[in-house]
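S.K.: With the input below, show me the fold.
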Amino acid sequence: MSGPLGVAERRATRAVTGRPGSLGGVTDSTIIYTHTDEAPALATYSFLPILEAYASQAGVKVETRDISLAGRLIAAVSDLLPESQRGADALAELGDLAQRPEANIIKLPNVSASVPQLKAAIAELREQGYEMPEYPEDPQTDEERDIRARYDKVKGSAVNPVLREGNSDRRAPVSVKNYAKQHPHSMGAWSADSKTNVATMGVDDFRDNEKSVILDADDTLRIELVGQDGTTTVLKESLPVIADEIVDATKINVAALQEFLTAQIAKAKADGVLFSVHLKATMMKVSDPIIFGHVVRAFFPKTFAQYGADLAAAGLSPNDGLGGILAGLASLPNAAEIKASFDAELADGPELAMVDSDKGITNLHVPSDVIVDASMPAMIRTSGHMWGPDGQEADTLAVIPDSSYAGVYQVVIDDCRAHGAFDPSTMGTVPNVGLMAQKAEEYGSHDKTFEIPAAGTVRVVNAAGDVLMEHAVEQGDIWRACQTKDVPVRDWVKLAVNRARATGDPAIFWLDESRAHDANLIAKVNEYLADHDTDGLDIRVMSPVEATKVTVERLRQGLNTISVTGNVLRDYNTDLFPILELGTSAKMLSVVPLINGGGLFETGAGGSAPKHVQQLVKENYLRWDSLGEFFALVPSLEHYATTTGNAKAQVLADALDRATASFLEHDRSPGRKLGTIDNRGSHFYVALYWAQELAQQGDDAELASAFGPLAEKLASQEQTIVDELLAVQGQPADIGGYYQPDPQKAEKIMRPSTTFNEALASL
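M.R.: Here you go, the predicted structure:
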């Protein structure tokens, strides 16, 4: 899929189209608009020219940085590539920028790559001519270990921890909430006898085994495994920590996990419900693929007992999912036997929830296909159903092995079973204040998660040799540690108090005093709340289960409740409640006030982005809704105006805010089928309304003069432009690549209206 461009030409074109091959530092006030992946990246080819044209009239600088999966992979091995193929590390540059007061970054959803996605992206880049090293499955040499380590830094949630140098303030804009009430989305009907439930371990899992300490002083910790034979293996040599930092450690016992999974598979079959597992193999990029592999093994015990060695020898791992195994069977001499064994156990077990029943893609095919924060709300919205192998909806046993937050979903399911589906036309809203600054991990992951190679004791030891925490472990157990620094906690508490005062709504810290990590956080929250004037405010601390009960009760009464959560629940809640309230989490306003004074403005979730790309390639129709981009741009422009004194930037922001309200009022979001406007049409309409607002701007005659002719031109040629946009639908679209589209092809596909393009160029 290399298209007409060679690699050098492709990278040069990227620079022209806003996907730079070499980067300079940001030296003054500039809005950085990130190029990411999938549907949001394609939408950028259409929307960014509008933004650049409008911003230029106000003297607002807009630059782009490529933090796509492909771009990050190239950067990871850049020094190993020929000069013409190299790319700078844009993510590292933006990470530095996020710690400076001039930061103004608009961050679109990006791929948090699982290993299969990582391999697919590398393969595509190789097809395009890049001399990318293969992903070493089982590195044996120092060179292979180096390449594996470079690639592993790219997988999973590698972008967000770098950019999120502030805590999260995420909420539904008033215009979106009002639109949802006036035009409620469809909600499935719940039955009082629904068999849908959540299954979770509760014993010997991450929550149950958690230990936590608060550091008295700066230190350097070491994580080590002391074997039963007395030998010591250093798992992590150096873990720098600072005073007042929270450090946690925990494990999940693999034997208990396997017993639990076997029991749930049997239960799903006995109850006649679909079996599904809900993990986050992207964010928990070390632990959850391993857990996913155990689920695959548990579902096919006979096959792995008989053929597991053959599969392992061929490099086919259950951690990569059933799909990867089945695709790789052809290389084995007994492929037919193994396939027949999988088929027999598939037929004998409970029916699996499906990702795509038409294509036979099950819940167990790809670890990154069913991500808990997106999949659970979608199930709850759809009558508690997932899709079965027959293409029909059915009740489901949703397996979430770790019990830390599984209870949140069970509470919502129980509430729907008792009271029916929520009503978007009357329900309240649940904004979120999330703790995530300075890589406040909470969930553990990345460089401090280990699959234990031998039985013994894992210890966290300080520089003086004192053991701070320890766990007895068995071979195969998953052990992890995480860190939460004190400054982000202080900022998080301040942000929660400010939101409570600004709205008058209750703010609930979702923290469980019986959990080690939360107990330490509660102590800090209580201490730092005393630093603020909380008179007249309703601020509470409740366990996630109890907080959910209060929140959903208030939701049904049409009342609003601020959820104040750690990092994982931030992820979960900012999908769960928006999907129920608005039908999607992509329409949320997500502002991250960076601790050092800058701003990060996120544009919503990207969970449905892959299907949107598939539809574009199939029939030249992109359903991606860029409303999140419009919402993020308003506070970004406001921040630009405040930090630079550029009054025209504020005029742009105010006009776009009004234009977005018109956009919603006239229902210009992408339709759901061919023959209606798609993402490109929605961009035309926001450009039209924005130009009209600017043309009527009495406070800035210069902008009014500049945009008056454009507004007239777009309005008079509306039908012509819409006809040109609709005319391309229904035919396959060649974008030249999935992870790295050909820039020329993508721009041609995403800007098909000559009339609109010429009107923009007139600015």
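
S.K.: all contacts plus neighbour counts: C-alpha atoms, from now on.
M.R.: Noted.

S.K.: what number of residues lie near residue 63?
M.R.: The local packing of residue 63 (other Cα atoms under 10 Å) involves 17 other residues.

S.K.: Number the residues from 53 up from this point.
M.R.: I'll keep to 53 as the first residue from here, and by that count the last item is residue 115.

S.K.: Can you give the domain ranges for the chain?
M.R.: Following automatic domain parsing, one finds the domains of the chain at 59-217+649-813, 249-259+305-471.

S.K.: Can you check which of the ones you listed gets nearest to residue 553?
M.R.: When the domains of the chain are compared by Cα to Cα, domain 59-217+649-813 sits nearest residue 553, at 19.9 Å.

S.K.: was I right about residue 138 contacting residue 127?
M.R.: Yes. Residue 138 is within contact range of residue 127, at 6.9 Å (criterion: Cα atoms under 8 Å).

S.K.: and these two? which has more neighbours close in?
M.R.: Remark: of residue 138 and residue 127, residue 127 carries more neighbours, 25 against 22, as counted by other Cα under 10 Å.

S.K.: Redo the domains of the chain as TSV? Include mean pLDDT and distance to residue 525.
M.R.: Formatted as TSV, the domains of the chain follow (pLDDT from 0 to 100; distance: least, Cα to Cα, whole Å):
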stretch	mean pLDDT	distance to residue 525
domain 59-217+649-813	91	24
domain 249-259+305-471	96	7
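
S.K.: any idea how far residue 605 lies from residue 474?
M.R.: For residue 605, the distance to residue 474 (Cα to Cα, to the nearest Å) stands at 11 Å.

S.K.: neighbour count winner among the two?
M.R.: More neighbours surround residue 474 than the other of residue 605 and residue 474, with 21 against 16 (other Cα under 10 Å).

S.K.: which residues touch that one?
M.R.: 239, 468, 608, 632 (Cα atoms under 8 Å, 6 or more residues apart in numbering).

S.K.: For these, which two are the farthest from each other?
M.R.: By the measure Cα to Cα, 239 and 608 form the most distant pair in the contacts of residue 474, at 14.4 Å.

S.K.: any chance you could map the strands in the stretch 303-452 of the chain?
M.R.: Using DSSP state E, counting those that start in this stretch, the strands of the stretch 303-452 of the chain run over 326-329, 406-408, 413-414, 437-439, 445-451.

S.K.: returning to that earlier point: can you tell me which of the contacts of residue 474 has the most neighbours?
M.R.: Most neighbours among the contacts of residue 474, by other Cα under 10 Å: residue 632, with 24 neighbours.

S.K.: Does it lie in a helix or a strand, and which?
M.R.: Using DSSP states H and E, residue 632 falls within helix 619-634.

S.K.: Can you point out the buried residues in that helix?
M.R.: 619-634 (16 or more other Cα atoms under 10 Å).

S.K.: What distance do you get for the closest residue to residue 168 other than its chain neighbours to residue 341?
M.R.: Closest residue in space to residue 168, ignoring its immediate chain neighbours: residue 372 at 6.3 Å, by Cα to Cα, 6 or more residues apart in numbering. In this view, residue 372 and residue 341 are 7 Å apart by Cα to Cα.

S.K.: ok so, going back, any chance of the domains of the chain in JSON lines, plus distance to residue 536?
M.R.: Compiled in JSON lines, those are given as follows (distance: least, Cα to Cα, whole Å):
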{"stretch": "domain 59-217+649-813", "distance to residue 536": "12"}
{"stretch": "domain 249-259+305-471", "distance to residue 536": "16"}
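
S.K.: and of those, who's closest to residue 228?
M.R.: Here domain 59-217+649-813 is closest among the domains of the chain (Cα to Cα), at 7.4 Å.

S.K.: For burial, what's the neighbour tally of residue 777?
M.R.: Applying other Cα under 10 Å, we find 25 residues neighbouring residue 777.

S.K.: ditto for the one 3 residues further on
M.R.: Residue 780 is flanked by 16 other residues according to other Cα under 10 Å.

S.K.: okay, the strands of the stretch 303-452 of the chain in JSON lines with mean neighbour count and distance to residue 512 next?
M.R.: Formatted as JSON lines, the strands of the stretch 303-452 of the chain follow (neighbours: other Cα atoms under 10 Å; distance: least, Cα to Cα, whole Å):
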{"stretch": "strand 326-329", "mean neighbour count": "26", "distance to residue 512": "31"}
{"stretch": "strand 406-408", "mean neighbour count": "20", "distance to residue 512": "40"}
{"stretch": "strand 413-414", "mean neighbour count": "20", "distance to residue 512": "40"}
{"stretch": "strand 437-439", "mean neighbour count": "25", "distance to residue 512": "42"}
{"stretch": "strand 445-451", "mean neighbour count": "25", "distance to residue 512": "31"}
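
S.K.: Could you pull out the buried residues of stretch 546-566?
M.R.: 546-549, 551-553, 557-565.

S.K.: For that stretch, measure first residue to last.
M.R.: By Cα to Cα, the extent of stretch 546-566 from end to end equals 24 Å.

S.K.: average pLDDT across that stretch?
M.R.: Stretch 546-566 shows a mean pLDDT of 97.

S.K.: what does it rub up against?
M.R.: Contacts with stretch 546-566, where a contact means Cα under 8 Å, 6+ apart, come from 219, 221, 485, 570-571, 573-574, 581, 584, 586, 589-596, 599, 612-618.
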